[in-house]
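Colleague: Everything below, folded, please.
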Amino acid sequence: MSETMEQFEKEIDASFRQFKEGDMVTGTIVAVSDDEVTLDLQSYTQGIIKAEEISADPAYSIRENLSVGQEVTAVVLLAEDENGNIRLSMKDANETLAWEKVKEYMDQETILSLTVGGVVKGGVIVYVEGLRGFIPASLLSLGYVEDLNEWLKKEIEAKVTEVNPEKKRLILSCKAVLLEKAAKERERKVNSIAVGSILTGKVESLQTYGAFIDLGDGISGLVHISQISQKRIKKPGEVLSVGDEVKVKVIKVEDGKIGLSMKVLEEVTETPEKTEEVFDYKEDGEASTSLGSLLAGFTFDE
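Modeller: All right, here's what the predicted structure looks like:
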């Protein structure tokens, strides 16, 4: 009985709660129309959210996204309108929560699936958590984007790169996602190359410390100067030129880098070692090295 009375008293207190502009409130939808949504705030009056205060996303549909019984959060715009109702804004509440969410997306480097909603000078517009975001043309692709209109309504993947609620600035990048995927694909390709493999490639560039070899499929490896030739050389250019086709052996794959060697594939020319002639003196089928045996058969004149 005491619990029931305590609960009743809380409900009474809540019904007389005074709302002020800027308060964040939560209510249950009791009615939905094309023009507005009505909330039960468990108070002396209802909350009204006009259509223009529901979302900043022009593609947002009240009837498709909201329904009776759904709980929503809103910000108080007016404590009492001309009809005695509390005027609310889901848009403002969602905006506050949305900025917190997109900041989380940026910190966690979350890859978002989005639809390009508009084209403006220098880039395209997307909506993230109801917020208007901008993707510069330079961050749409790995290459040059010639016609931005071709991106309208296109499904893309992007990362949040800049969040500034005060300036309402939200910048995203598709390029960051593409670079990440390219790096992972390159890592996969590199790791699939086995140490000991013999490959054919072309000299891509010459450095003081060695030569980079293009192995195809976007993969290259380094032949250190010490691994270019069995002969001692001062610089790679003594024996290699850019564009030369060479055969190399994979001697190391580590941290996404490939170490190569040309030297180990060169034919080794061995110089026979000089050997002293060995004389094997034998007597009765056995080797003998005694002084008497060596002097036997010699006569000495007195």
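Colleague: low-confidence ranges in the chain?
Modeller: Along the chain, the model assigns pLDDT under 70 to residues 1-17, 267-302.
Colleague: Spatially central residue (nearest the centroid) of it, please.
Modeller: Closest residue to the average C-alpha location of the chain: residue 180 at 3.1 Å, with Cα atoms, centre = their mean.
Colleague: For residue 47, see how far away the residue lying closest to residue 39 once chain neighbours are set aside is.
Modeller: Sequence neighbours aside, residue 27 is the residue nearest to residue 39 in space, at 3.3 Å (criterion: Cβ to Cβ, 6 or more residues apart in numbering). C-beta coordinates here come from the backbone N, C-alpha and C atoms, glycine included. Noted for residue 27: a distance of 5 Å to residue 47, by Cβ to Cβ, to the nearest Å.
Colleague: Return every residue with contacts to both of those two.
Modeller: Shared contacts of residue 27 and residue 47 (Cβ atoms under 8 Å, 6 or more residues apart in numbering): 39-41, 74, 88.
Colleague: Neighbour-wise, which one of those residues leads?
Modeller: For the shared contacts of residue 27 and residue 47, neighbours were counted using other Cβ atoms under 10 Å, and residue 88 has the most, 31 neighbours in all.
Colleague: Let me know the next secondary structure element after the helix or strand where that residue lies.
Modeller: Assigned by DSSP states H and E, residue 88 falls within strand 86-89. Downstream of strand 86-89, the next assigned helix or strand under DSSP H and E is helix 90-107.
Colleague: which strands and helices sit next to that next one?
Modeller: strand 71-78, strand 123-128, strand 131-136, strand 155-164 (3 or more Cβ pairs under 8 Å, 6 or more residues apart in numbering; DSSP states H and E).
Colleague: can you redo these as TSV with distance to residue 221?
Modeller: Formatted as TSV, the helices and strands packed on helix 90-107 follow (distance: least, Cβ to Cβ, whole Å):
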stretch	distance to residue 221
strand 71-78	56
strand 123-128	38
strand 131-136	35
strand 155-164	30
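Colleague: nearest to residue 266, of the ones you listed?
Modeller: Checking the helices and strands packed on helix 90-107 against residue 266 by Cβ to Cβ gives strand 155-164 as the closest, at 47.8 Å.
Colleague: Show me what that closest one is packed against.
Modeller: Against strand 155-164 (3+ Cβ pairs under 8 Å, 6+ apart) you get helix 90-107, strand 112-115, strand 123-128, strand 131-136, strand 169-173, helix 175-191.
Colleague: Thanks a lot, see you next time.
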